[in-house]
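Chemist: I'd like to go over a predicted model; first the sequence, then the structure.
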Amino acid sequence: MALMHCPKCDKKISDKAESCQFCQHVLVADPEKIESERRINRIKKSSNLMTQSFIALILFIGGLAYTAWYTDDGTSNDKIIAQVVTAISFVWYLVTRIRIMLFKRSKQ
């Protein structure tokens, strides 16, 4: 009995199982179809991570631009909110880039 990855949830299951015990995905007997589903799910996850990274970067740039150009007073509420959004989106961007790097290193 060997272990393989479920094409839907990517958890380790027996290669003799008819369905995944975690997500109840029915496994097809065709190994090419299983590999194809796994690749599709990997592409979807990669795309999702890239989208999150892009949104975080847009928020970061937008927060910097608003702070620099559209607020005059240093203590106004909108400037403080823009700075908080900038800080949060910067951290979000860094965390997402680390997740992308770890995702690319894992070959499963």
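Modeler: Nice, thanks for sending it over.
Chemist: and the most centrally placed residue in the chain, what element?
Modeler: The centroid of the chain falls nearest to L49 when counting by C-alpha atoms, centre = their mean (3.0 Å). In the assignment (DSSP states H and E), L49 maps to helix 31-65.
Chemist: buried residues, that helix. List them.
Modeler: The neighbour-count check on helix 31-65 (16 or more other C-beta atoms under 10 Å) flags 34, 37-38, 41-42, 49, 52-53, 56-57, 59-60, 63-64 as buried. For glycine as for every other residue, the C-beta is placed from the backbone atoms N, C-alpha and C.
Chemist: list just the nearest of those to Q24.
Modeler: Ranking the buried residues of helix 31-65 by separation from Q24, with C-beta to C-beta as the measure, puts E37 on top at 14.6 Å.
Chemist: look up how far S76 lies from that closest one.
Modeler: When C-beta to C-beta, to the nearest Å is the yardstick, E37 and S76 sit 52 Å from each other.
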